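Asker: The amino acid sequence is not available; the structure is as follows:
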């Protein structure tokens, strides 16, 4: 790596981490102001609050990476352009494309770090953050789902009319076993209760019908202990649940939901696609940032930084909007929805690149 490469890379990475520190501080101050009443209401101590923000800071730092990397790029490049360093570099025979190399190397480092964090590191911190928010910030969760259908085995299907997550009791329970497209067994119960001590379900006022060689065997009783592959967690809050899984855990959970025939698989698929897509945003926005701010502007670097802020926030808004459309299944293909902002900004970058004077 040449001296020029090291010079630009060092300035770019230092600017990136500086911008991250500034923006994270601002976000934390705003967040603390908004949640302070809840902290006081629940009489939370300093240790609990600091513990929450220790988990919140890496989450928000990674979330705003597209903004911070873009601002850092614009800041460094516009400063260099203002000091005529860009002109000197190009005049020395270095092509514009070659000058972009250290920026893209830096962006690739940031992208790799971001992917490693979201795939393997942040989920553990997110578990603490989400648990804290459910306990102290969000309203108490109540399961209001009706007519719940679940596939809990290769040939086994469960049904609940409703479920009370406060008492861990399900109502109008049905368990069916289907073999060779024929009903082999049907177990029904007026109630389904979770026994915390045995970690098993107890059926109340149950009836069982077993069909074998066209013969039906009928049994019934008041209580019956049974082991099922579902637990009360399956009926609990799914608030930001997708963010608490590492990538291998997320893949396993998606497979489990598909096996059960769940209708909320898209949320977790989108989370998976986002984890692969987001790192590329750092590279794309760095590419655009260098092109935008490489010319000396009459408004100085301040104007370019302001434009950088604007474009970065536009990207975030487009990303959030596209993600919402995918989760609502307005856009049927979640991959296209998640990648739409990146594709749009790639096109913008290529158009801008064609207009850069060589």
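Answerer: Nice, I can see it. Keep in mind it's a predicted model, so treat the numbers as computed, not measured.
Asker: C-alpha from now on. contacts and neighbour counts both.
Answerer: Will do.
Asker: Tell me who's in contact with residue 149.
Answerer: Contact analysis of residue 149 by CA atoms under 8 Å, 6 or more residues apart in numbering lists 157, 158, 159, 160.
Asker: My reading is that the second one lies in a strand. Confirm?
Answerer: Yes: counting by DSSP: H, G, I helix; E, B strand; the rest coil, residue 158 is located in a strand.
Asker: where's it relative to residue 212, distance?
Answerer: 21 Å (CA to CA, to the nearest Å).
Asker: Ok, the first one next?
Answerer: Here the criterion is CA to CA. By it, residue 157 lies 19 Å from residue 212.
Asker: These two: which has the busier surroundings?
Answerer: Legend: neighbour count by other CA atoms under 10 Å for residue 157 and residue 212, higher for residue 157 (18 against 11).
Asker: Hmm, the more buried one is touching residue 179, no?
Answerer: No: when contacts are counted by CA atoms under 8 Å, residue 157 is not listed as touching residue 179 (11.4 Å).
Asker: Give the closest residue to residue 346 in space, chain neighbours not counted.
Answerer: Spatial nearest neighbour of residue 346, excluding adjacent residues (CA to CA, 6 or more residues apart in numbering): residue 284 at 6.4 Å.
Asker: cool, residue 162 as well?
Answerer: Nearest residue to residue 162, sequence neighbours excluded (CA to CA, 6+ apart): residue 146, at 5.0 Å.
Asker: do residue 345 as well
Answerer: Distance criterion CA to CA, 6+ apart; nearest residue to residue 345, sequence neighbours excluded, is residue 284 at 7.0 Å.
Asker: Tell me the predicted confidence for the one you found.
Answerer: Looking at residue 284, its pLDDT reads 92.
Asker: you'd agree it is in a helix?
Answerer: Yes: residue state for residue 284 (three-state DSSP) corresponds to a helix.
Asker: Find the nearest non-adjacent residue to residue 67, please.
Answerer: Leaving aside its sequence neighbours, residue 67 sits nearest to residue 312 (CA to CA, 6+ apart; 4.9 Å).
Asker: The one you found reaches residue 66, doesn't it?
Answerer: Yes: under the criterion of CA under 8 Å, residue 312 makes contact with residue 66 at 6.7 Å.
Asker: If anything else comes up later, I'll come back, but that's it for now.
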